[in-house]
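Visitor: Sequence plus predicted model, see below.
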Amino acid sequence: MHPTMSLATVSISAATCSLAVIFLDYLSSTFESVQNAQKAKAALNGADIYAGCCTLKIEYARPSRLNVIRNDNDSWDYTKPFLVRRERGKGRQRQAILGEHPSSYSNNGYGSHCPLLPLPSNNRFKRSSHEVPDVVAYPLPQTSSYIGHSSSSVAMVSGLHPTKMNCTRIFNLFCLYGNIEKVKFMKSVPGTALVEMGDEYAVDRAITHLNSIKVFSKRLNVCVSKQHAVIPSQVFELEDGSSSYKDFAMTRNNRFTSAGQASKNIIQPPSCVLHFYNVPPCITEDDLLRLCTEHDVPGFIKFKMFDAKPSSKTISGLLEFDSKTHAVEALTVLNHYQIRIPNGSNPYTLKLCFSTSSHL
């Protein structure tokens, strides 16, 4: 997968709109170009894994991009062979002088235990040279696309509104693309903050999706920082009265703290439709509109509630805004808002993210 181009995703499973392949249950793959995805679909759709059984069904999937956060038995990014998930609770890994231990990788850099290596060109699956294009024998990339790209887990964000942006609101927006460890505004550079994320891949996702978007009439510039950690020095008071530094390492609102939790996140670029969830059943469309008004953010123009099970304690749905900028501003302010209900012991934390839907 290449982070800078619109990719074709292939999926094998239910009717979707990207390209994917089903071996046991469901598998999605992203190709470097639409043409390669088309060739793969033509080569593999309807083929049997074993003689007379396990027929592959390949369709175009709706997502245009897959987000792979780790290389293991369940997922693999061939452009990032050294993508290793950090174990929870161990903090950020220290930089090793000689890199990975030699026993961790085979000669091709992917690890000998990996079950998702490309099919060899002489594989017996190939029916004939004219029936199966050369795309079946996917070549191993020689280097990772990350080499020389994002070398730090700290992002520098400039173009922040001086009165409407603070550490919490930066967290609300950036947490969609990876765990947030610390946020610090720079006293010497007004409107600029450092955001320490869980790893350099989270920084890359944030740059890919948030660089150049407009928030509160200011265009954000998100880039890799030369710093490798955020140090809480020169802490001062922002114009809204909040602290210029905040540590989010232990917050429960981080969404990538475990493999199971991370797999539920759909990495999406900002859009005019927000997905809301973890809302108490008593909350109505008018309540959510009032929430927007009270916090001085644009209100949504369309509302959709998902059907919930009778036993469900929360509800979810979609909110469509007049523009992508309005949706970004609403998410920045209202994400993780604490909704309190009468006679309720604990508040509900409103969760927002960008939807895969372009409109309602």
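Guide: Looks like it came in fine.

Visitor: can we go C-alpha only for contacts and neighbour counts from here?
Guide: Fine.

Visitor: Report how many residues lie close to the spatially closest residue to L289 that is not a sequence neighbour.
Guide: Of all residues beyond its chain neighbours, the one nearest L289 is G299 (5.9 Å), with distances taken as CA to CA, 6 or more residues apart in numbering. Close neighbours of G299, defined as other CA atoms under 10 Å, add up to 19.

Visitor: Residue numbering should commence at 56 henceforth.
Guide: Yep, numbering from 56; the last one is G354 now.

Visitor: so who does G354 touch?
Guide: Applying CA atoms under 8 Å, 6 or more residues apart in numbering, we find G354 in contact with L344, C347, T348, F376, H381, A385.

Visitor: Quick check: chain neighbours aside, which residue is closest to the last one?
Guide: I take that to be A385. That would be V352: by CA to CA, 6+ apart, it lies 5.6 Å from A385.

Visitor: The second one too?
Guide: Excluding the flanking residues, the one nearest C347 by CA to CA, 6+ apart is G354, at 5.5 Å.

Visitor: same question, the fifth one
Guide: Closest residue in space to H381, ignoring its immediate chain neighbours: P353 at 5.8 Å, by CA to CA, 6+ apart.

Visitor: Is it correct that T312 is in contact with C230?
Guide: No - checked against CA atoms under 8 Å, the pair T312 and C230 is beyond contact range at 11.1 Å.

Visitor: in the stretch 106-255 of the chain, what spans have low per-residue confidence?
Guide: 107, 119, 136-205 (pLDDT under 70).

Visitor: show me where this protein has helices.
Guide: 89-99, 222-229, 255-265, 314-318, 340-349, 379-389 (DSSP state H).

Visitor: quick one: the closest residue to K379 other than its chain neighbours from D377, how far?
Guide: Once flanking residues are discounted, K379 sits nearest to C327: 4.0 Å by CA to CA, 6+ apart. The spacing between C327 and D377, counted by CA to CA, to the nearest Å, is 7 Å.

Visitor: Please compare those two by neighbour count and tell me which comes out ahead.
Guide: Higher neighbour count among C327 and D377: C327, with 21 against 14, using other CA under 10 Å.

Visitor: For that one, give me phi and psi.
Guide: The phi/psi pair for C327 (degrees, to the nearest 10) reads phi -80, psi 0.

Visitor: which ones are touching it?
Guide: E375, F376, D377, S378, K379, T380, H381, A382, V383, F409, S413, H414.

Visitor: The fifth one and P324 touch, don't they?
Guide: No - under the contact definition of CA under 8 Å, K379 does not touch P324, with a separation of 10.0 Å.

Visitor: Give me the more crowded residue out of those two.
Guide: K379 (21 against 17).

Visitor: Show me the strands in the stretch 206-355 of the chain, by range?
Guide: With DSSP state E, counting those that start in this stretch, the ranges of strands along the stretch 206-355 of the chain come out as 209-213, 235-240, 247-252, 269-270, 273-274, 276-279, 300-302, 328-334.

Visitor: before we move on, back to that, buried subset of the contacts of C327, written for ChimeraX?
Guide: To isolate the buried ones among those in ChimeraX, judged by 16 or more other CA atoms under 10 Å, type:
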select :375,376,379,380,381,382,383,409
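
Visitor: Pick the one among the contacts of C327 closest to S318.
Guide: Comparing these against S318 with CA to CA places F409 closest, at 15.7 Å.

Visitor: Can you give me the distance of the residue lying closest to the closest one once chain neighbours are set aside to V123?
Guide: Using CA to CA, 6+ apart and skipping residues adjacent in sequence, the residue nearest F409 is L329, 4.7 Å away. L329 sits at a distance of 22 Å from V123 (criterion: CA to CA).

Visitor: Mind checking which of those two has more residues around it?
Guide: Legend: neighbour count by other CA under 10 Å for L329 and V123, higher for L329 (28 against 18).

Visitor: how far away is that one from N91?
Guide: 32 Å.

Visitor: and if you look at P287?
Guide: In terms of CA to CA, P287 sits 48 Å off from N91.

Visitor: Give the residue from these two that has the larger number of neighbours.
Guide: Taking other CA under 10 Å, P287 and N91 do not tie; N91 has more neighbours (18 against 14).

Visitor: Nearest to E292 among the contacts of C327?
Guide: Nearest member of the contacts of C327 to E292, counting by CA to CA, is V383, at 24.8 Å.

Visitor: Run through the residues that contact the closest one.
Guide: Counted by CA under 8 Å, 6+ apart, V383 has contacts L228, V270, P325, S326, C327.

Visitor: Same question for P287.
Guide: Here P287 is in contact with K239, Y300 (criterion: CA under 8 Å, 6+ apart).

Visitor: quick one, phi/psi of it?
Guide: Torsion angles, degrees, to the nearest 10, at P287: phi -80, psi 70.

Visitor: so what's it scoring on pLDDT?
Guide: In this model, P287 is scored at 89, pLDDT.

Visitor: same thing with the one 3 residues further on?
Guide: At V290, the model reports a pLDDT of 94.

Visitor: give me every residue that touches it.
Guide: Contacts of V290 by CA under 8 Å, 6+ apart are S298, S299, Y300.
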